[in-house]
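Novice: next one to model:
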Amino acid sequence: MEGNRALPSTDLWAEFFSEGFFGYGEKGDFRYFSFWHILPIVLLIAAVVLTYKFREEIGRSRHEKTFRLILGTAMMMAELGYFWRLLYIGNGDLGEHTLLTRLPFQVCEWTCIFAILMVLAENKSCFDIDVVVCLTLGISPLLLPAVIQRTGPTYFRYYQFWAEHLLPVYAVFYMMFVKKFRYNIRTVYKPLIFLAVLGGICVYFNSKIPEATYMYLQGDDLGEAITGMLPPTQYGRLAVFMVLSVILFAIHFLVFRLIGRKGRKAAGKASAEEAGTAE
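Specialist: Alright, predicted model coming up:
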C-alpha cells in the first residue's frame with residue numbers, strides 16, 4: 001500500500017530541519033542590529049562592567065573557583081554543542097551529516113578552547129592569545145553574525161553562537177579584573193604564531209577537502225559579512241587577513257597602553273591625595 005509506506009529517512013530529516021528547536025529557520029530570521037542582535041552584546045557589556053565593579057569581592061569569594069568552573073563548562077558545552085548539532089542534525093543541506101568540512105579550524109573555535117584552558121587552569125599563555133585575538137578579530141562576528149541568519153532566538157544555534165563568541169570575550173576581562181592577568185606587548189608573538197599556524201593548516205585542508213573553507217579562505221555564502229569584502233583567492237585572503245591582524249594588534253596595543261597610562265596617573269594622583277591628607 002503506497003499510502004502506508006514509511007517515510008524515507010530524508011523526508012524525516014527534512015521535517016526535522018524545518019521544525020524544532022535544533023533545526024533551521026528561513027533566511028532572514030535573524031536580522032542585523034535588531035533587538036535579538038543587540039541584546040547579547042548589551043548583556044556582555046553589563047557583565048564586564050559589573051565584574052570590574054565587584055572584582056575585589058569576587059576575587060575574595062570562596063566561590064570564585066566554582067564560578068570559573070561553571071564558566072569553563074559553559075564554554076565547553078557551547079563548543080561541543082556546535083559539533084553535536086552538525087553530527088546529528090547536519091549543516092542545513094539534506095543528507096549532509098559529516099564533520100569533514102567543519103573540523104575545529106576556525107579562529108573563534110580556538111579562542112573558545114583557549115578560554116576554557118585559561119579559566120580552568122589559569123593558563124597565562126592562553127590569555128596572551130585570547131586577550132589580543134578576542135578583542136580584535138573576535139569583534140567582527142559580534143557586529144556581523146552572518147552565520148546565524150537562518151537561526152533566530154527560537155533556535156538552539158542562536159544561543160550556541162552567542163555563547164561561543166561572547167563567553168571567551170567575557171573570560172578575558174574576568175581574568176584581567178579578578179585574577180590580575182596583564183597584557184604585555186612582549187607576548188604578542190603568541191597570537192601571531194597561532195594565526196600563522198592555523199592559517200597554514202587551513203590552507204592545506206581547504207586544498208585537500210572538497211567544499212572546505214576553513215577561516216573562510218575559500219569564500220563563503222554568508223551574505224553580508226566582512227569576509228565578503230576579501231579577495232576571491234585563498235592566498236589573497238590569507239595575505240589580507242594576516243596584514244589586517246597585524247594592524248588590529250598594533251591598534252589594540254596602543255589602546256591598552258593609553259588605558260594603562262591613564263590608570264597609573266589616576267593611581268598616582270590618588271596616592272598623592274592620601275599622602276597629603278595624612279600630613
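Novice: going by C-alpha atoms from here, please, whenever you check contacts or count neighbours.
Specialist: Noted.
Novice: ranges for the strands of the stretch 51-200 of the chain?
Specialist: Taking DSSP state E, counting those that start in this stretch, the stretch 51-200 of the chain contains no strands at all.
Novice: my guess is Met175 contacts Val119. True?
Specialist: Yes - the criterion here is CA atoms under 8 Å, and Met175 meets it with Val119 at 7.3 Å.
Novice: which of these two has more neighbours?
Specialist: Val119 (26 against 22; other CA atoms under 10 Å).
Novice: so the more buried one touches Gly72, yeah?
Specialist: Yes - if you go by CA under 8 Å, Val119 and Gly72 touch, sitting 6.2 Å apart.
Novice: burial measure for Ile259, as a count.
Specialist: Neighbours of Ile259 using other CA under 10 Å come to 12.
Novice: sticking with it, tell me its helix or strand.
Specialist: Assessed by DSSP states H and E, Ile259 sits inside helix 234-278.
Novice: what mean pLDDT does that helix get?
Specialist: When pLDDT is averaged along helix 234-278, the result is 71.
Novice: helices of the chain, residue ranges please.
Specialist: 9-18, 35-53, 55-60, 64-88, 107-121, 124-133, 140-143, 156-177, 189-208, 234-278 (DSSP state H).
Novice: mind checking how far Phe156 is from Ile148?
Specialist: The gap separating Phe156 from Ile148 is 10 Å, by CA to CA, to the nearest Å.
Novice: more neighbours, the two?
Specialist: Higher neighbour count among Phe156 and Ile148: Ile148, with 24 against 18, using other CA under 10 Å.
Novice: verify the contact between the more buried one and Phe30 for me.
Specialist: Yes - the pair Ile148 / Phe30 is scored as a contact, 6.6 Å apart, by CA under 8 Å.
Novice: from Leu135, how far out is the spatially closest residue to Gly59 that is not a sequence neighbour?
Specialist: Leaving out its chain neighbours, the residue that sits closest to Gly59 by CA to CA, 6 or more residues apart in numbering is Val178, at 5.4 Å. According to CA to CA, Val178 stands 18 Å off from Leu135.
Novice: what values do phi and psi take at the residue nearest to Gly59?
Specialist: phi -90, psi -50 (degrees, to the nearest 10).
Novice: what's the answer for Leu144, then?
Specialist: According to degrees, to the nearest 10, Leu144 has phi -130, psi 70.
Novice: wait, it touches Arg31, no?
Specialist: No - the pair Leu144 / Arg31 is not scored as a contact, 9.7 Å apart, by CA under 8 Å.
Novice: buried ones in stretch 64-79?
Specialist: Arg68, Leu71, Gly72, Ala74, Met75, Met76, Ala78, Glu79 (16 or more other CA atoms under 10 Å).
Novice: actually stretch 40-58, sorry about that
Specialist: Buried residues in stretch 40-58, defined by neighbour count with 16+ other CA under 10 Å: Pro40, Leu44, Val48, Thr51, Tyr52, Arg55, Ile58.
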